[in-house]
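> Next comes the sequence, and after it the predicted model I'd like to discuss.
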Amino acid sequence: MGLIGDSGQNISYDSDELIEELKIDIGGFGDFECWTWFKKIDGVKIYTNYDFKEHESPLSTYEINQAKENGEQFEILKSKHLLELLEKQNEIL
């Protein structure tokens, strides 16, 4: 079962490339914490990007401003959990 928005509509978002990239990173680094970018579409969080969460290099002001301009927000997730969410939002309905 895919994602269902507040309006009752099914929501799907092409995430093939992001899923493949994340699988490679998990294979190389294990289950790591990451910053995730998301948009809310019809009340559903749709994840659009991620980056490693590192104490040495937090998100830059540029990244934060770009996300806000695109209507995106951030949260921190474990990479394997993000992978599950990406696969769910990628389901063809």
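Yes, it's here. Residues are numbered from 1 along each chain as shown.
> list the contacts for residue 35?
50-53, 59, 74-76 (C-beta atoms under 8 Å, 6 or more residues apart in numbering). Where C-beta positions appear, they are placed from N, C-alpha and C, glycine not excepted.
> mind checking pLDDT for it?
In this model, residue 35 is scored at 93, pLDDT.
> so the spatially most central residue of the chain is in which element?
What sits nearest the mean C-alpha location of the chain, by C-alpha atoms, centre = their mean, is residue 47, with 2.8 Å. According to DSSP states H and E, residue 47 maps onto strand 44-52.
> I figured residue 72 hits residue 39, correct?
Yes - using C-beta atoms under 8 Å, residue 72 makes contact with residue 39 at a distance of 5.3 Å.
> between these two, who's got more neighbours?
residue 72 (19 against 15; other C-beta atoms under 10 Å).
> For residue 67, which non-adjacent residue is spatially closest?
Closest residue to residue 67 apart from its sequence neighbours, by C-beta to C-beta, 6 or more residues apart in numbering: residue 37 at 5.7 Å.
> doesn't that neighbour fall inside a helix?
No - Residue 37: not assigned to a helix; according to DSSP: H, G, I helix; E, B strand; the rest coil it is strand.
> so what does the helix ranked longest in the chain touch, helix or strand wise?
As assigned by DSSP state H, the longest helix anywhere in the chain is helix 16-29. Under the contact criterion of 3 or more C-beta pairs under 8 Å, 6 or more residues apart in numbering; DSSP states H and E, helix 16-29 touches strand 44-52, helix 79-89.
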